[in-house]
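[1] Quick one, fold the following:
(2 chains)
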There are 2 protein chains.
Amino acid sequence: MTIRYPNGNHFYEQPASSNEHNNAVDFSNRGMALEDELNKSNTYYLNNGIAVIHKKPTPIQIVSVDYPKRSAARIKEAYFRRSSTTDYNGVYKGHYIDFDAKETKNKTSFPLKNFHKHQVEHMRQCLKQQGICFAIIKFIDDQSVFLLRATDLIDYWDNQATGGRKSIPRKVIEQAGFLIPYRINPLLPYLSAVDSIIDQTK
Amino acid sequence: MTIRYPNGNHFYEQPASSNEHNNAVDFSNRGMALEDELNKSNTYYLNNGIAVIHKKPTPIQIVSVDYPKRSAARIKEAYFRRSSTTDYNGVYKGHYIDFDAKETKNKTSFPLKNFHKHQVEHMRQCLKQQGICFAIIKFIDDQSVFLLRATDLIDYWDNQATGGRKSIPRKVIEQAGFLIPYRINPLLPYLSAVDSIIDQTK
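    Next up, the predicted model:
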């Protein structure tokens, strides 16, 4: 059958994604701005043949669906599920790209509780397959965005278990990560940092 | 907030995915078996550290959500959306893997209408980024499964516009593609065919 969008109306888009977000992941109410910025950037990369990177749909647990005649199937009851992977992946210059985007209101550090265990495990698995994995972290206070390699994130993550700190100092992110300055097109040129990572792995 | 699954009950899983499927893509009522077989195979590949390949969640257009106190957010109205990409992607030995899975009841050919234009365009874009793209096609009649390179699929797809046939002859799929014999673990060892593709591109 052919899918019929609700009026094909874009009005629903924003509440939809924000609803998804408020329920799909922790702290996600802080995440929308960065998500929109990344989606815009990915659209630019896609339309210009630079990279194919998409945000995955939010997983939904569907409980009940109506199948009205002559109109689109209507989901009557469903629940948000936690994803078992990161939110973004795709391909760039033959490299598998995999990352998640997080925002924090903290000023001096990034709390590790913004990540879920399964997201970190997914990054571990992708790294073993030679994927390029990282986190894009936005400090809301001064609107600065950094790309941090998954390997650096994982180091801090694992240290938690042995009494290590529960957050990554901003200074560490500034030194180990890459600052992503805002531009016009793309809004967040994070693939420049990815280029640096690719060069380092050569 | 923490996500609460509906009863954590697996009972809902099957109707959910079949509902999704009946509405998300054409002919999808024929697709469940193959999808389950591929999910099992991907789980094996993941658990054995061989590859990280996941099926993407079905995109949902959310219209209305309840936020009851002390319980999980409940989606009251939503609609299935057509994906703008293929269903499966991931990373294997440093290669970006991207494919879609389709079943057909036809015996002598595979109808191209099983694919949507945007899925084929997505494959084109991934190929440009040196991704490994293909279709996994199952002929229900004799339960034979083939991996067909996206390049071969795209050739037939493009020929439609110039009066070419609307389906790919099974003989072509048998000759140009790779037969994927059923095994125990993984159930569908399609990465063996991917290995051949990788060797050919070296």
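[2] only C-alpha atoms for contact and neighbour calcs from this point on.
    OK.
[3] Walking through chain A, point out its strands one by one.
    A:52-55, A:60-66, A:74-80, A:88-92, A:95-104, A:109-111, A:132-139, A:144-149, A:167-169, A:178-179 (DSSP state E).
[4] Include mean neighbour count and distance to chain B when you put those into TSV, please.
    Formatted as TSV, the strands of chain A follow (neighbours: other Cα atoms under 10 Å in any protein chain shown; distance: least, Cα to the nearest Cα, whole Å):
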stretch	mean neighbour count	distance to chain B
strand A:52-55	22	6
strand A:60-66	19	5
strand A:74-80	21	5
strand A:88-92	25	6
strand A:95-104	24	5
strand A:109-111	18	15
strand A:132-139	23	9
strand A:144-149	21	17
strand A:167-169	17	19
strand A:178-179	20	23
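[5] export these to JSON lines and tack on mean pLDDT and distance to B:N106?
    Shown next, in JSON lines, are the strands of chain A (pLDDT from 0 to 100; distance: least, Cα to Cα, whole Å):
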{"stretch": "strand A:52-55", "mean pLDDT": "97", "distance to B:N106": "33"}
{"stretch": "strand A:60-66", "mean pLDDT": "94", "distance to B:N106": "29"}
{"stretch": "strand A:74-80", "mean pLDDT": "95", "distance to B:N106": "30"}
{"stretch": "strand A:88-92", "mean pLDDT": "98", "distance to B:N106": "33"}
{"stretch": "strand A:95-104", "mean pLDDT": "97", "distance to B:N106": "35"}
{"stretch": "strand A:109-111", "mean pLDDT": "97", "distance to B:N106": "54"}
{"stretch": "strand A:132-139", "mean pLDDT": "98", "distance to B:N106": "41"}
{"stretch": "strand A:144-149", "mean pLDDT": "98", "distance to B:N106": "48"}
{"stretch": "strand A:167-169", "mean pLDDT": "98", "distance to B:N106": "56"}
{"stretch": "strand A:178-179", "mean pLDDT": "98", "distance to B:N106": "53"}
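[6] of these, which approaches B:I198 most closely?
    Closest approach to B:I198 among the strands of chain A (Cα to Cα): strand A:95-104, 14.0 Å.
[7] angle of the closest one against strand A:88-92?
    140 degrees (axes from the mean of the first three to the mean of the last three Cα atoms, to 10 degrees).
[8] rewinding a little: turn the strands of chain A into a markdown table, columns for distance to A:Y190.
    Converted to a markdown table, those look like this (distance: least, Cα to Cα, whole Å):
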| stretch | distance to A:Y190 |
| --- | --- |
| strand A:52-55 | 12 |
| strand A:60-66 | 29 |
| strand A:74-80 | 29 |
| strand A:88-92 | 12 |
| strand A:95-104 | 11 |
| strand A:109-111 | 19 |
| strand A:132-139 | 8 |
| strand A:144-149 | 7 |
| strand A:167-169 | 20 |
| strand A:178-179 | 9 |
